[in-house]
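[1] sequence first, predicted model second:
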Amino acid sequence: MNNPLKLLGLAFLLWAGCKPDPRKAIAQMMGDRNGGLVASRQTEVARMQCAYLPVRWQAFEKQVPKTDGADETEMDFRLQVVLLPAGTPLPHGPAFSYGLDTLFALVLDGDTLPAIYAERMPQGNIRGIEYLVGFERRNWNGVQASLIFKDHLFTGQPQIFSFDLLQAAKIDSLSKRL
């Protein structure tokens, strides 16, 4: 092993092999209820949880293969709504599935952004609904963002979910290594 190229190659293999998988850190950050990436609200009729989704969240959840940055143009959030009390049936109607983008806004650095899309996601819970909401990704200067859900469907009141943008930048950085 006197050849410097062999030593350099061995050092590179050791460095590449010791690189930690970011999935564990991402899962830990996503599961931390006090980490600034998950916000919850509870009313008399519903329990709501909204989560910031990192840049390459589809690759993290293994729904799609790794992309070349195409999914970095949007900020995505997942809102889960579970009706209370237990046993309350989920209401039906087009209002719960269509025209949803008008119900969401993102306040970022004093600017209010409308949702690019809002989709009802299939998840199999007969007492709950899950929405995927996307906004235009912008460079931000502040440390706080608020997602506003103009809830005409369940409570009749706006629901505000706050997020820590510093933690969002941190998880985005980790997810770009997937």
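    Perfect, thanks for sending it.
[2] which ones are touching the residue nearest to the spatial centre of the chain?
    Centre of the chain computed as the mean C-alpha position; nearest residue by Cα atoms, centre = their mean is residue 53, 1.9 Å away. Residues near residue 53 by Cβ atoms under 8 Å, 6 or more residues apart in numbering: 76-78. C-betas here are computed from N, CA, C, even on glycine.
[3] swap the cut-off to 6 Å and go again
    The neighbourhood of residue 53, defined by Cβ atoms under 6 Å, 6 or more residues apart in numbering, consists of 76, 78.
[4] likewise for residue 74?
    134, 137.
[5] re earlier: quick one: the residue nearest to the centre of the chain and residue 150, what's the gap?
    21 Å (Cβ to Cβ, to the nearest Å).
[6] picking that back up, beta partners for the residue nearest to the centre of the chain?
    Residue 53 forms beta bridges with residue 76, as assigned by DSSP bridges.
[7] what distance do you get for it to residue 129?
    According to Cβ to Cβ, residue 53 stands 17 Å off from residue 129.
[8] residue 46 reaches residue 81, doesn't it?
    Yes - between residue 46 and residue 81 there is a contact at 5.3 Å, judged by Cβ atoms under 6 Å.
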